[in-house]
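Colleague: heads up, no residue letters with this:
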């Protein structure tokens, strides 16, 4: 049914594109009402692709990125020089419309580049989280660090190393004996698709941009309501040189916050007073360079999780995951581009009773593709993905193909 | 002596008559002038809601959307012989193309300097002229030559709210309006022409205008 809906939408957009090939018939600018006080933008993407029985491309909204109809509607309400209310509603595959973002941006001094954001705020950490829209992504898949579901859960815990090793590669649908026993999805290193709730301060001085945020959840488990009475602190510093190095952006990010839910800690120790000890700590670095027709991006993220040790063989903590992603785009001619991304997600070794191996199955992905702009804001993309997982009981190799139609205004 | 004087006087008289006759029969170019009134002024495109940005986007200038272009729909014979249109400039300044509307003749090369501190990427997917200048930094410029008449929409691939128009004509009989909507097209050979006013993608119907010999034709337009 979902595939049919996606196809119908894609065909609808395609038929509009045939008309728009002759003229710019689709809206190409954000809708502005109330004398410019309210601005509404949108981003619609319809993807069709191979089935993914290995669950390589499933996101924490439980949909495959390659078979997805995503509609984002964002709005900014300008309340004068000091206040802006920003929000975004999103639906995937015609599920219920969800508030993805809703926050107040306060600018205390109009002459100073300092902002305070309060509410369900944009991710502070990393670079990709700010370009998850299909119109900003040169390919159809997402970087592994922001999408691939590891076998960790904040509300369900492995009792020992053997139990964790048995769940390698099953992040799509996993459960453990401590805490919530119902099967559910694991977490990505960083969730790019769910936003955290809290306060963020951002400032710019010359070529330096800096942000710091205090939020209820963690990178891998953003929350609206806190589940462990702990706060995550995240920060990002970004350098954007001017002049001859205008195309360079160098960023580094760090975050630390309690990851395991209080209920899971209570299930492990009959007491949740130590809930703040079981954290996710992450560090990231990213570089983007563009010039002429080239755009190159590199991003690496190291994430450590501390989990309760309940029984032997004990988990060797922290449980570490390291992701590395390199992406490039080249414009071949007006409206036509080619792109590629090489991605690896690795995990630290832990020792079980009989074997020592990474606590989750390492994944490698190579995605190549390209896109053609039918008109400025209507784009058709194609991609091919090679996915390999070194372990686990699910399919370990997947060759996936996908096409995507993107429209934005 | 008188025998020589009579034919000489006759010759002088004939030359004077020919010269006077030629002066009378030579068509003198005229002017079309008037005013373009905009009933509804197009709102400059807003920035897309910056939900994912970590801070408030920097300020930008707004494009001048009041300028219109008035042109002859059908130009006089021989007017299409222009081949080298020279050069024109469309700057990129404070996330705005300046000017927002550029009217040029075919053969013109347009320079696109980047006067901002950050990258821009000028491109167009218009059938009249497709181009993509890639990303380039402040102080640099790229050029595009326009050889076909038509309307070219220009955008920046990095800043989606930046857009501009380039109107390319095969003849020189066009004019931009000033800040108050006034225009004048000079050096128009006498005759009757269809005249069109254009603003931000909307055109008036072609209105027949007769340019008198050496005189001025007045024509006002209302768009939208």
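Modeller: Looks like it arrived, so ask away. Quantities reported herein were computed from a predicted structural model and do not represent experimental measurements.

Colleague: so what strands line up beside the helix or strand containing residue A:204?
Modeller: Using DSSP states H and E, residue A:204 sits in strand A:196-205. The strands beside strand A:196-205 in its sheet (DSSP bridges) come out as strand A:114-121 (antiparallel), strand A:208-215 (antiparallel).

Colleague: now these as JSON lines including distance to residue B:123 and mean neighbour count?
Modeller: Quick note: C-beta positions are derived from backbone N, CA and C, even for glycine. Listed next are the strands paired with strand A:196-205 as JSON lines, based on distance: least, Cβ to Cβ, whole Å; neighbours: other Cβ atoms under 10 Å in any protein chain shown:
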{"stretch": "strand A:114-121", "distance to residue B:123": "31", "mean neighbour count": "20"}
{"stretch": "strand A:208-215", "distance to residue B:123": "27", "mean neighbour count": "19"}
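
Colleague: mind putting the ones you listed into TSV with distance to residue A:162 and mean pLDDT?
Modeller: Shown next, in TSV, are these (distance: least, Cβ to Cβ, whole Å; pLDDT from 0 to 100):
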stretch	distance to residue A:162	mean pLDDT
strand A:114-121	38	96
strand A:208-215	34	97
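
Colleague: outside of stretch B:192-210, which residues touch it?
Modeller: By Cβ atoms under 8 Å, 6 or more residues apart in numbering or on different chains, the list of residues contacting stretch B:192-210 from outside reads B:32, B:36, B:38, B:42, B:65, B:67-76, B:151, B:165, B:167, B:173, B:191, B:211, B:217, B:219, B:221-224.

Colleague: hmm, 6 Å instead?
Modeller: B:32, B:36, B:38, B:42, B:65, B:68-74, B:217, B:219, B:221, B:223-224 (Cβ atoms under 6 Å, 6 or more residues apart in numbering or on different chains).

Colleague: which of those fall within strands?
Modeller: If you go by DSSP state E, the contacts of stretch B:192-210 have B:32, B:36, B:38, B:69-72, B:217, B:221, B:223 in strands.

Colleague: between these, which has the most around it?
Modeller: The residue in these with the most neighbours, by other Cβ atoms under 10 Å in any protein chain shown, is residue B:70 (28 neighbours).

Colleague: for that one, name its beta-bridge partners.
Modeller: residue B:175, residue B:197.

Colleague: show me the contacts for it.
Modeller: So residue B:70 contacts B:175, B:183, B:197 (Cβ under 6 Å, 6+ apart).

Colleague: confirm residue A:374 sits in a helix?
Modeller: No - using DSSP: H, G, I helix; E, B strand; the rest coil, the secondary structure at residue A:374 is strand, not a helix.

Colleague: is any part of stretch B:109-126 close to chain A?
Modeller: Yes - Stretch B:109-126 reaches chain A (Cβ under 6 Å from any Cβ of the partner chain) through B:117-119, B:123, B:125.

Colleague: may I see the buried residues of that stretch?
Modeller: B:109-110, B:112-114, B:116, B:118-126 (16 or more other Cβ atoms under 10 Å in any protein chain shown).

Colleague: end to end on it, go ahead and measure it.
Modeller: Criterion Cα to Cα, to the nearest Å; first-to-last residue distance in stretch B:109-126 is 17 Å.
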